[in-house]
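Enquirer: need a structure here:
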Amino acid sequence: MSQRRWSLAALALAPILALGACDQLGDVWERMTGGASVEAPGPTPLDDVPLDARALSGAVQPQAEMAAILAPDPVLIAPGQILVGAQVERELSEAATDMGLASNFARAVRSEGVEALEQLPDNVAEQLRTRAETQASAAASSAAQDTLRRLGVNGEIRVRPGGVVTVDLSSGVSPTAYRGAKQNNETTGDDVPDAIEWSPADRCPRIVSQAQLEGDIALATRCAIQRLAQSGQFEYVEPNFIADSGFTRPPRRDQPTQPSPSQPTTQNPSPSAPATTMPAPQPIGGVPNDPLYALQWHYRASTGPNASPGGAGFVAFWESHQVGARTVRVAVLDTGLDLSHPDIRNAANVSSGVDLINNPERGGDGDGVDADANDAGDRCGASAENSYHGTHVAGTIGAAATNDRVGVAGGAWDVTVIPVRVIGRCGGELADIVSGIRWAAGIAPAITAGNQQIASTTQADIINMSLTIQAPCPASMQAAIDAAVARNVVVVVAAGNKANRASLYAPANCNNVIVVGANDAGGGLAFYSNFGPEVDLLAPGGDVFADSDNDGRPDGVLSTRSTQSGCYDPLNSNSTERCYYSFLQGTSMAAPHVSAALALLAAQSGLRGRELENALFTRAISSFPANFAEIECARSANATPISAGSATCARPSGRGRLDLALAARTP
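Expert: Sure thing, here's the model as predicted:
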């Protein structure tokens with residue numbers, strides 16, 4: 001039943017739905033188990049688990065709100081923040097000579113660059129790289145300071161690991177300019193981190209005064225970037241873009257919403273149950289006993305009994321007793337991880353991580369870089385709530401303990417999830433994301449404000465980045481990705497959620513990444529998913545505006561996320577004050593399905609790097625039917641006509657859909 005039809009009939013049906021909700025969910029369990037007993041393995045009956053292990057949030061959203069999701073967003077940058085790349089390759093030859101390496105190797109470095117390091121033992125290569133980065137960063141710092149001096153602007157120069165040098169112009173711009181920037185972004189009633197809109201078409205005037213630069217942070221940033229680039233002394237010069245997680249903010253709680261089967265108007269709050277210690281999970285495979293697993297359509301097979309057309313076939317893999325291994329490590333670059341979550345606090349799948357958000361105002365935790373990856377919040381304004389986006393993403397990968405009779409199942413029952421916090425209040429800064437990639441890949445340590453180093457003790461095998469920047473692939477990000485891939489790391493990224501070309505959004509437009517678009521519960525291209533030749537495959541991303549299986553709940557992806565908005569007990573449909581599970585949609589939800597699949601394949605095969613990536617595409621992808629993702633051109637302004645003058649448009653979406661059931665049959 002559509003949201004519009006429901007709104008007309010809700011008042012008449014609400015009493016019946018409230019009484020029938022438990023039976024309705026029971027029908028889902030019946031379909032999942034084929035009428036068999038629900039004893040493990042299999043979903044646990046809801047009345048056998050405490051409230052905090054079953055309460056969830058999510059109602060089918062009004063169709064009228066879909067357009068707002070697809071509306072273009074401004075490109076934002078951190079004001080006065082610039083990234084410049086040190087010329088590390090240029091310094092490699094000199095560093096090799098200084099270290100007494102053979103002259104023929106020095107010549108190889110000059111011709112091959114960093115690839116020549118593969119000829120050296122790991123410890124020697126690391127020493128040489130570190131020395132070259134140090135020398136190149138010092139030269140870049142001096143050159144940047146000299147350029148700023150000639151422009152007439154003061155700037156603070158800071159060297160980051162990996163040959164990245166950041167320029168901060170805040171010391172050369174008046175506080176008035178900063179207050180103006182903050183007021184321009186203060187649309188929600190409280191302070192938010194500074195940001196300004198960015199357009200690469202804006203140019204610095206040929207004649208500009210020091211007073212103009214000191215009074216306008218946007219002008220100072222633009223002029224400094226232009227002058228630094230013109231100097232030719234850096235590998236790249238780019239603004240510190242602010243990335244978006246793509247989280248769709250729910251309606252404010254003080255705004256009335258139409259009743260739905262999953263969010264009745266009758267308020268009958270249930271007290272929050274005390275935390276219950278559950279038995280440790282037993283990774284035996286099969287259908288997991290997590291009580292909300294029956295609502296996770298995205299793990300089912302796409303065909304056959306108990307199937308969901310948009311499912312990714314995880315259950316077939318589990319039924320073959322392949323549930324992953326803790327030796328496989330997945331780094332999640334996102335908002336961090338809610339370590340107090342009832343499905344995560346006792347999970348053995350979570351490793352220590354890092355918080356790489358340098359700006360304390362954006363971090364929201366009162367400090368900068370440290371070893372605490374707990375999600376301290378990412379809300380953007382007083383009326384917004386924290387997304388816990390990273391917790392939802394990590395839960396799908398496997399941070400949520402599976403087969404533990406609590407909440408939801410994760411894609412990989414056994415895995416090591418490494419939380420890397422790079423997104424905070426109102427988004428995440430490019431400089432922090434670049435540091436996160438290098439840290440997760442074991443290339444460079446994190447550096448605290450006190451100049452202490454936090455090294456990654458376990459290099460990730462897979463990096464998941466469910467975030468987007470509407471810009472060409474930043475050179476700093478591409479360099480970090482290339483360095484990670486050279487260390488056998490597979491990088492999985494979201495395609496973006498604007499029903500637009502993926503080529504417009506980083507990191508989807510970067511090289512050496514797996515780009516994941518989203519399919520809905522029906523197996524079609526999700527209405528919001530970006531598309532284009534850059535997309536490699538689709539995976540379940542869901543659609544919270546639809547209810548294709550008529551279970552009274554949205555077709556979003558259900559995973560771990562704490563909220564106090566729209567919570568209810570699926571056992572009886574009573575409203576609850578708080579819940580720990582939510583339906584979300586997006587390519588952000590699709591990417592972690594692919595990361596979880598890679599983790600399972602890595603555990604099954606022992607493969608890593610390019611070989612693991614090849615195994616995914618040769619063994620776990622089902623091809624699209626004919627004419628897949630075609631649409632009337634009038635309904636998609638960004639799609640391409642299939643032929644000149646045609647009224648039908650194509651939306652290329654990769655090689656096919658994720659289907660682990662295929663890999664379960666062909667080890």
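
Enquirer: quick check: what element follows the lowest-mean-pLDDT helix or strand in the chain along the chain?
Expert: Within the chain, no helix or strand scores below helix 3-33, which has a mean of 38 by mean pLDDT, DSSP states H and E. Going down the chain from helix 3-33, the next helix or strand is strand 56-57, by DSSP states H and E.

Enquirer: pLDDT of that next one, averaged?
Expert: When pLDDT is averaged along strand 56-57, the result is 96.

Enquirer: now stretch 225-238
Expert: Across stretch 225-238, pLDDT averages out at 96.

Enquirer: check stretch 289-301 too.
Expert: Averaging the model's pLDDT scores along stretch 289-301 yields 96.

Enquirer: how far off centre is that stretch?
Expert: On the basis of C-alpha atoms, centre = their mean, to the nearest Å, stretch 289-301 is displaced by 22 Å from the centre of the chain it belongs to.

Enquirer: would you list every one of the strands in the stretch 151-300 of the chain?
Expert: 156-160, 164-168, 196-197, 237-243 (DSSP state E, counting those that start in this stretch).

Enquirer: what comes into contact with the shortest one?
Expert: Put plainly, it is strand 196-197. Taking contacts as C-beta atoms under 8 Å, 6 or more residues apart in numbering, the residues outside strand 196-197 that touch it are 74-77, 79, 181, 184, 217-218, 221. C-beta coordinates here come from the backbone N, C-alpha and C atoms, glycine included.

Enquirer: so who does the residue most central in space within the chain touch?
Expert: Residue closest to the average C-alpha location in the chain (C-alpha atoms, centre = their mean): S466, at 1.8 Å. By C-beta under 8 Å, 6+ apart, the residues touching S466 are 245-246, 334, 389, 393, 493-494, 586-589, 591-592.

Enquirer: cool, and V544?
Expert: 58, 60-61, 248, 554-556, 583-585.

Enquirer: apart from its chain neighbours, what residue comes closest to the residue nearest to the centre of the chain?
Expert: Closest residue to S466 apart from its sequence neighbours, by C-beta to C-beta, 6 or more residues apart in numbering: S588 at 3.6 Å.

Enquirer: confirm that that neighbour sits in a helix.
Expert: Yes. Judged by DSSP: H, G, I helix; E, B strand; the rest coil, S588 forms part of a helix.

Enquirer: and it, how many residues sit next to it?
Expert: By the measure other C-beta atoms under 10 Å, the count of residues near S588 is 34.

Enquirer: distance check, it against T448.
Expert: Using C-beta to C-beta, to the nearest Å, we find S588 at a distance of 29 Å from T448.

Enquirer: try D48
Expert: When C-beta to C-beta is applied, the distance between D48 and T448 equals 46 Å.

Enquirer: out of the contacts of S466, which are buried?
Expert: Under a neighbour-count criterion of 16 or more other C-beta atoms under 10 Å, the subset of these counted as buried comprises 245-246, 334, 389, 393, 493-494, 586-589, 591-592.

Enquirer: what's the farthest-apart pair in the residues you listed?
Expert: Greatest spatial distance among the buried ones among the contacts of S466 (C-beta to C-beta): H389 and V493, at 14.6 Å.

Enquirer: just want the phi and psi numbers for I77.
Expert: Backbone torsions of I77, given as degrees, to the nearest 10, read phi -130, psi 160.

Enquirer: next up, the contacts around it.
Expert: With contacts taken as C-beta under 8 Å, 6+ apart, I77 has the following neighbours: 195-198, 221, 239-242.

Enquirer: cool, H593 as well?
Expert: Applying C-beta under 8 Å, 6+ apart, one finds that H593 lies in contact with 298, 312, 314, 396, 411, 516, 539-540, 658.

Enquirer: those in helices, which ones?
Expert: The helices in this structure, assigned by DSSP state H, contain 314, 396 from the contacts of H593.

Enquirer: rebuild the contacts of H593 as CSV, extending it with distance to E577 and neighbour count.
Expert: Putting the contacts of H593 into CSV (distance: C-beta to C-beta, whole Å; neighbours: other C-beta atoms under 10 Å) gives the following:
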residue, distance to E577, neighbour count
H298, 28, 27
A312, 33, 31
F314, 32, 30
T396, 25, 34
G411, 30, 32
V516, 35, 31
A539, 33, 29
P540, 30, 33
L658, 36, 29
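
Enquirer: which among the contacts of H593 gets closest to Y505?
Expert: Proximity of these to Y505 (C-beta to C-beta) peaks at V516, which lies at 12.4 Å.
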